[in-house]
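*Asks:* Make a model of this:
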Amino acid sequence: MELFSDRPGDEGLPGRERGFAMAAVMTMATMSVFDGSMVNIALPQIARALDISAGAAVWVSNGYLLSASMALAIFAAMASHIGFRSIFVAGLGLFTLSSLGCALSSSLDVLVLMRVLQGIGAAATLSIGPAILRSVFPTRLLGRILGLNALIIATSTAIAPVLGGTILSALSWQWLFAINIPLGIIAMILALRVIPANPAATRQPFDFAGAVLSAAMLGALIMAADAFSRPGADDLATAVSYGLIAILTGVAFVWRQRRATKPLLPLGIFASPRFSLAALTSLASFVSQGITFVALPFLFQSVYGYSAFVSALLFTPWPLGIILAAPHAGRLADRYPAAIISTIGLAVFGVGLLLLAQLPEHPQFWDIGLRSFVCGLGFGCFQSPNNREMLSNASREHSGYASGVLAIMRTFGQCLGAAVVGVILSIYAANSVIREAHAVKLSLWVAVIATILAVVISVSRLRGQRHDLQAEK
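*Replies:* Modelled structure (predicted):
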């Protein structure tokens, strides 16, 4: 394969070692994405097994998402102090051990604690995974390897419900966590063997104040989104309170980053318009994806009356489209402007969402599958070139920070998208005049609007790229 070929002047590792490093990074990415979404379908079973309420069981999911989100920026910054391999191996080890703890948990408190530790371990690896790939692969292959990485993450997100449902149909919920243990051990062996033990890039003091403010800001945003997604005046007041905390800590974080000797997140990386616009495009696109991934199960089950398993099967064309598009998009991004390819992909994704929003009352299986397939093709064509645009417009010494920003945009985009659906469904619950079918369709139309916004942002960077080329001439 071209990914593992060697040419004179190549940066990074030799071809064989690249393969092992890629396997370690992508195995961990798959496990962390699965545990972020696959566990959701097991919450009713967990609630019955532990004799707890459904509301309490939600924290099995929220604890993971909250801790992962709060730690992403911190670990991206720590990589410049102690190196990629140390952060990755420590995070992988914590994730694997806490997976064992989850499988052995017999109470909600212990399970939530283990899930929080899992989220921290996942954040340590996801925040620097793309940066590790950039460090071990030559620049000529950057688009292809990022395309493959995007393919793994997107496909894992899409098929997690199907895999989770299959495991739960034959085994208990503990096996959702136990399967991580052998995979984690294999990934650990590969990581220790091939990921370079890069020395710390800086010996300046770590920005602890920035870390606290970052965690508080990101955590408050997640809690605000979660509260907004639930009906009730008390939940609205809670959401507003968390929103104010997020704003205040966000302002304080920016103030700290401008004055810190070695900031947690150097704001200078946003000086590149192409990096900043790619980050905003990523955020808006993942808001769309987050809305769709939450709205479609309601559409399939509550509106069309399909079972949970059949609904999961209806998602299959989406990852199939990604599988077909992402590798080719990454390869093209190594030859042509990545912004153009990702913008085309976004446009196709928007067309697919528009088709889903216009599904008839009684669609055929093939009709649903075809429209989902178009979404997968578009998103697969968009994501890897856009990731390449972000990483290639940050210096190598800032690749860890850029990788962290990429992970934050994905996590918060999906979280905000889920919150949007929750708000719309809450309005439906408070107003019986609005049927659930209309609420779900409205959610899909909001996803279309978010994608149009992403296309507008993406097109704006094409103009900036043209000006850059003219200036070079």
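
*Asks:* what residues does stretch 139-152 touch?
*Replies:* 2-3, 7, 10-11, 22, 25-26, 29-30, 129-130, 133-134, 137, 322-323, 326-334, 338, 380, 383-385, 387-388, 391-392 (CB atoms under 8 Å, 6 or more residues apart in numbering). To be clear about C-beta, it is placed using only N, CA and C from the backbone, and glycine gets the same treatment.

*Asks:* what is the rounded mean pLDDT of it?
*Replies:* If you average the pLDDT over stretch 139-152, you get 75.

*Asks:* Run the chain-centre distance for that stretch.
*Replies:* On the basis of CA atoms, centre = their mean, to the nearest Å, stretch 139-152 is displaced by 16 Å from the centre of the chain it belongs to.

*Asks:* Buried residues, that stretch. List them.
*Replies:* 141-152 (16 or more other CB atoms under 10 Å).

*Asks:* Give the helix, strand or coil label for Asp263.
*Replies:* Residue 263: Pro, not Asp. coil (DSSP: H, G, I helix; E, B strand; the rest coil).

*Asks:* Follow the chain on from whatever helix or strand Leu354 lives in and name the next helix or strand.
*Replies:* Applying DSSP states H and E as the criterion places Leu354 in helix 338-357. The helix or strand immediately downstream of helix 338-357 is helix 365-392, counting by DSSP H and E.

*Asks:* Report the angle between that following helix and helix 338-357.
*Replies:* Between helix 365-392 and helix 338-357, the angle comes out at 150 degrees (axes from the mean of the first three to the mean of the last three CA atoms, to 10 degrees).

*Asks:* Next step: the buried residues of stretch 139-152 restricted to helices.
*Replies:* The helices, defined by DSSP state H, take in 142-152 from those.

*Asks:* Leaving out sequence neighbours, find the closest residue to Ser276.
*Replies:* Phe270 (4.8 Å; CB to CB, 6 or more residues apart in numbering).

*Asks:* pull the helix or strand with minimum mean pLDDT from the protein.
*Replies:* Within the chain, no helix or strand scores below helix 308-314, which has a mean of 71 by mean pLDDT, DSSP states H and E.

*Asks:* Can you report how many residues lie near Arg256?
*Replies:* Arg256: 20 surrounding residues under other CB atoms under 10 Å.

*Asks:* er, Ile46 I mean
*Replies:* 22.

*Asks:* Next, the contact list for it, please.
*Replies:* Contacts for Ile46 (CB under 8 Å, 6+ apart) come out as 52, 57, 60, 111, 173.

*Asks:* what helix or strand does the residue nearest the centre of the chain sit in?
*Replies:* Nearest residue to the geometric centre of the chain (CA atoms, centre = their mean): Arg410, 3.8 Å. Taking DSSP H and E as the criterion, Arg410 maps to helix 399-430.

*Asks:* Give me the buried positions along that helix.
*Replies:* Applying 16+ other CB under 10 Å to helix 399-430 flags 399-426, 428 as buried.

*Asks:* With stretch 94-105 instead?
*Replies:* Buried residues in stretch 94-105, counted by 16+ other CB under 10 Å: 94-99, 101-103, 105.

*Asks:* Report the mean confidence score over it.
*Replies:* On average, the pLDDT along stretch 94-105 is 91.

*Asks:* Centre of the chain to that stretch, how far?
*Replies:* Mean-position distance between stretch 94-105 and its chain equals 22 Å (CA atoms, centre = their mean).

*Asks:* same question, stretch 211-218
*Replies:* From the chain centre to the centre of stretch 211-218 is a distance of 19 Å (CA atoms, centre = their mean).

*Asks:* Tell me which residues are up against that stretch.
*Replies:* Taking CB under 8 Å, 6+ apart as the rule, stretch 211-218 contacts 69-74, 77, 245-246, 249-250, 252-253, 256, 264-265, 408, 412.

*Asks:* so the residue nearest to Ser276 makes contact with Leu280?
*Replies:* No - in this structure, Phe270 is not within contact of Leu280 by CB atoms under 8 Å, at 10.1 Å.

*Asks:* Which of these two has more residues huddled nearby?
*Replies:* It is Leu280, of Phe270 and Leu280, that has more neighbours when counted by other CB under 10 Å, with 17 against 13.

*Asks:* can I assume the more buried one is in contact with Ser460?
*Replies:* No - using CB under 8 Å, Leu280 is not in contact with Ser460; the gap is 9.3 Å.

*Asks:* since we're on the closest residue to Thr343 other than its chain neighbours, how many residues are nearby?
*Replies:* Excluding its sequence neighbours, the residue lying closest to Thr343 (CB to CB, 6+ apart) is Ser458, at 4.3 Å. A count of nearby residues for Ser458, using other CB under 10 Å, gives 27.

*Asks:* on that earlier part again, can you add distance to Ala122 and give the ones in helices among the buried residues of stretch 139-152 back as TSV?
*Replies:* Shown next, in TSV, are these (distance: CB to CB, whole Å):
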residue	distance to Ala122
Leu142	24
Gly143	25
Arg144	25
Ile145	21
Leu146	19
Gly147	22
Leu148	20
Asn149	15
Ala150	17
Leu151	19
Ile152	14
